[in-house]
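Asker: sequence unknown, structure follows:
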Ligand code: ADP
């Protein structure tokens, strides 16, 4: 069975990579979907995010059954288009759950053949988000424990350009 893991990944962190790795052991194929949201201002372009995700997967030695795609529109439509029967999302805290439950229920109304599956964040990553990474990096803090080395360098280089 094929699953997809939609998100913004701006940038990908160890929290996301952990979910991808766990999902890749459970499903035949996992498609990481960078969903384009015109209302969200991102630090990295879609192409940069694709590259960073592949770099992260390589540094983490993740399975070969993972692909990275860029999608737009409704997640359920994109999932159907690529033949994924499951949408994976991560839950870090109760605050995530409220939003995720709303999204998952809306997606169920849109397409009842696609299931949403939640992965609980590993405790060491339960505080971790792309926004936290950007905030720390912007203020010159150490982000080396939050994402793989190559991605850390990309984030720091991008911050210098800002
Ligand atoms: P979105 O803008 O769609 O929320 P994100 O890239 O922020 O995209 O997150 C994608 C998914 O990964 C979401 O379900 C989010 O809850 C989950 N996620 C983000 N960070 C972590 C983490 N540290 N551990 C587990 N799940 C996470």
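Answerer: Now that the structure is in, tell me what you want to look at. From a predicted model like this one, the values you see are computed outputs, not experimental measurements. Residues are numbered from 1 along each chain as shown.
Asker: Alongside the ligand, which residues does the protein contribute?
Answerer: Within reach of the ligand by C-beta under 6 Å from any ligand atom, the chain has these residues: 7-9, 13, 15-16, 19, 89-90, 92, 96, 121, 125, 128-130. (C-beta placed from N, C-alpha, C; glycine too.)
Asker: Kindly recompute the last result at 8 Å.
Answerer: Where the chain comes near the ligand, counting by C-beta under 8 Å from any ligand atom, the residues are 5-10, 12-16, 18-19, 35, 37, 40, 88-92, 96, 99-100, 118-122, 125-131.
Asker: Which of those are buried? Put it as a PyMOL command.
Answerer: Of the residues of the chain next to the ligand, the buried ones go into a single PyMOL selection, burial set by 16 or more other C-beta atoms under 10 Å:
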select buried, resi 5+6+7+8+9+10+12+13+14+15+16+18+19+35+88+89+90+91+92+96+100+118+119+121+125+128+129+130
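Asker: Out of the residues of the chain next to the ligand, which sit inside strands?
Answerer: Cross-referencing these against strands under DSSP state E gives 5-7, 35, 88-91, 118-120.
Asker: mind checking the backbone torsions on the residue lying closest to residue 162 once chain neighbours are set aside?
Answerer: On the basis of C-beta to C-beta, 6 or more residues apart in numbering, the spatially nearest residue to residue 162 that is not a chain neighbour turns out to be residue 138, at 7.6 Å. In terms of degrees, to the nearest 10, the main-chain angles of residue 138 are phi -60, psi -30.
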